[in-house]
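Undergrad: sequence and computational prediction follow.
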Amino acid sequence: MIQCPRGTRDFLPDELEKRRHYESVLRGVARRFGYREIETPIFEEAELFILRSGPNVMKELYAFKDKGDREIALRPEMTAPVIRAFVNGMGSYPKPIKLFYFGQCFRYERPQAGRYREFFQFGSEIIGAATVETDAESIAMAASMIKALGLKDYKLRIGHIGVLRQRIADIGVPAEKTAEVLQKLDKKNYDECRPLLQSMGVKDEDISGLFELTETVGGTEVLSKVPGEAGDYLRSLTSILEKMGVKDVEIDLGVVRGLDYYTGMVFEAEAPSLGAEKQICGGGSYSLSELFGGEKVFSTGFAIGFDRILLAMEREGIAYEPEGIDAYVIPVSDDVRADAAGIVTAIREAGASADVDIMGRKMAKALKYADSVRARCAVIVGRKELDRGCVVLRDMKTGEQSEVPLAELAGKFAQE
Ligand code: HAM
């Protein structure tokens, strides 16, 4: 039997209905924040991702040559494609441009719970603004999305990669080694980071100072330890966020992010219930457009790991009930099958969801099937009732039955 490839999944109808429901919740939030949707191709020129995504992404890139010998990659994320699309065709749009997207991304990682090779991101970018309000708007939308989904147990951490980059440069790390150092700091892998820094001639006290900086974690009181303008920036960011109702944030200068393009504020949300793969959202401010042939434009964005956040919701016991259908029409005998087809059509035309038995099942089996498709009522079409211009309406939950004149049937569903 052929299975779907490792790290990918089929979404069967119950699961997909749930996913579509929550996707629409997220779309609703994005629209309320004034964002508009954008869609870009699932594959791109590999170079787009190689230019700035960093060593982590490179290792995991699904890249191949197409039949025309072009280097192609399946997108591992959607920020670079969106900025490419902006440079290609949105340069003259009034700024800021607020875009959101939903779609699958691909990373060749070792699959485990919450980690897939094909996964879905719901993300957003604000292009063309470099104000503290931009960052606040982005973080506030991420928080609103998590809340709108009903997730309770999560933590939002805000850092500033600019501070770390500055410190790394100040202690003498060559520019081309910065990504490697950041990668180790991201994983809090101090045991490997220390000898790496020592090999570059960085002094021990500077190494300890750097590690201490990444361990700066806490409420706004820790901002006194954040050097330079970044401290003031984060202070004003958290005070705007507070006014926006986002109060439960933590300052954490150890937020490094796996991607290489961030320049200033960075943030992550995690759901502790997920264990190892607990990061449900990540983002920050960056500039990428100049790499793709455009002018330098600052942007801020984030992406929610859709699969992960759904998993976290499941762990919290948030259940989704599939919608089911309004009516299931059951012809009692062969001679009323055509009438049943007319009846289901009338119900559908009234705007309700309805299905009809097409298997010629006996009543008990047909009712069982109606239950399995979560029909709210059954419309039983019998010869005797039809001759009186009626059908029998059965409430599938209570089992109560009543006769309804055909002329009133569609109207009953239209009112629902
Ligand atoms: P990222 O942190 O690499 O950021 O990915 C965003 C989210 O996607 C993660 O927080 C995680 O929830 C989810 N994710 C990542 N890899 C996997 C995987 N293998 N399986 C399941 N979920 C996964 C970005 O991609 C940036 N483009 C976000 C951004 C937008 N920054 C600025 N704008």
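TA: The structure has been received and is ready for your questions.
Undergrad: phi first, then psi, for the residue in the chain that the ligand sits nearest to.
TA: As assessed by C-beta to the nearest ligand atom, the ligand sits closest to Gly305 within the chain, at 2.0 Å. In this view, the C-beta of every residue, glycine as well, is placed from N, C-alpha and C. Note on Gly305: its backbone torsions stand at phi -80, psi 100 [degrees, to the nearest 10].
Undergrad: quick one: residues contacting it.
TA: 114, 119-121, 279-281 (C-beta atoms under 8 Å, 6 or more residues apart in numbering).
Undergrad: any chance of the residues you listed in JSON lines with pLDDT as columns?
TA: Output for those, formatted as JSON lines (pLDDT from 0 to 100):
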{"residue": "Gly114", "pLDDT": "95"}
{"residue": "Phe119", "pLDDT": "98"}
{"residue": "Phe120", "pLDDT": "98"}
{"residue": "Gln121", "pLDDT": "98"}
{"residue": "Gln279", "pLDDT": "96"}
{"residue": "Ile280", "pLDDT": "98"}
{"residue": "Cys281", "pLDDT": "98"}
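Undergrad: pull the most distant pair out of the residues you listed.
TA: Phe120 and Gln279 (14.7 Å; C-beta to C-beta).
Undergrad: between the two, which is the more surrounded one?
TA: Neighbour count, other C-beta atoms under 10 Å: between Phe120 and Gln279, Phe120 has more, with 20 against 17.
Undergrad: that one in helix, strand or coil?
TA: Of the three states, Phe120 takes strand under DSSP: H, G, I helix; E, B strand; the rest coil.
Undergrad: that one against Gln104, yeah?
TA: Yes. Taking contacts as C-beta atoms under 8 Å, Phe120 lies within contact range of Gln104: 5.3 Å.
Undergrad: what's near enough to touch Gly275?
TA: 113-114.
Undergrad: quick check, it in a helix?
TA: Yes. Gly275: assigned to a helix according to three-state DSSP.
Undergrad: the helix or strand containing Ile126 vs the ligand: in contact?
TA: Ile126 is part of strand 118-127, with elements assigned from DSSP states H and E. Yes. Residues of strand 118-127 contacting the ligand under C-beta under 6 Å from any ligand atom: 119, 121, 123, 125.
Undergrad: and for the closest residue to the first one other than its chain neighbours, the neighbour number?
TA: Excluding the flanking residues, the one nearest Phe119 by C-beta to C-beta, 6 or more residues apart in numbering is Asp307, at 5.0 Å. Neighbour count of Asp307, defined by other C-beta under 10 Å: 20.
Undergrad: quick check: which element contains Asp307?
TA: Following DSSP H and E, the helix or strand that holds Asp307 is helix 306-315.
Undergrad: again with Leu213
TA: Per DSSP H and E: helix 204-214 holds Leu213.
Undergrad: mind giving me the packing neighbours of that helix?
TA: helix 161-170, helix 190-199 (3 or more C-beta pairs under 8 Å, 6 or more residues apart in numbering; DSSP states H and E).
Undergrad: please spell out which residues along the last one are buried.
TA: In other words, helix 190-199. 190, 193-194, 196-197 (16 or more other C-beta atoms under 10 Å).
Undergrad: list the neighbours of it that are in contact with it.
TA: With contact meaning C-beta under 8 Å, 6+ apart, helix 190-199 is reached by 171, 173, 180-181, 184-185, 204, 206-207, 210-211.
Undergrad: pLDDT on that helix, on average?
TA: Looking at helix 190-199 alone, the average pLDDT works out to 94.
Undergrad: about what we covered before: any residues touching the helix holding Asp307, and which ones?
TA: 18-19, 22-23, 26, 102, 113-114, 116, 119-122, 146, 149-151, 153-154, 271, 273-274, 277-281.
Undergrad: 7 Å - rerun?
TA: With contacts defined as C-beta atoms under 7 Å, 6 or more residues apart in numbering, helix 306-315 is touched by 19, 22, 114, 116, 119-122, 149-151, 271, 273-274, 277, 280.
Undergrad: so how far is that helix off the chain centroid?
TA: 10 Å (C-alpha atoms, centre = their mean, to the nearest Å).
Undergrad: can you count the residues close to the closest residue to Ala327 other than its chain neighbours?
TA: Nearest in space to Ala327, with sequence neighbours left out and distances taken as C-beta to C-beta, 6+ apart, is Ala354 at 4.2 Å. Residues lying near Ala354 (other C-beta under 10 Å) number 22.
Undergrad: run through the residues that contact Ala354.
TA: By C-beta under 7 Å, 6+ apart, the residues touching Ala354 are 325-327, 329, 344, 347-348.
Undergrad: try Ala271
TA: So Ala271 contacts 151, 153-154, 278, 280, 312 (C-beta under 7 Å, 6+ apart).
Undergrad: need phi/psi at it.
TA: The phi and psi torsions at Ala271 (degrees, to the nearest 10) take the values phi -110, psi 110.
Undergrad: just the pLDDT for it.
TA: On the pLDDT scale, Ala271 gets 97.
Undergrad: for it, which non-adjacent residue is closest in space?
TA: Closest to Ala271 by C-beta to C-beta, 6+ apart is Ala312, at 3.6 Å.
Undergrad: list the buried ones in stretch 150-165?
TA: Buried, per 16+ other C-beta under 10 Å, within stretch 150-165: 151, 154, 156-165.
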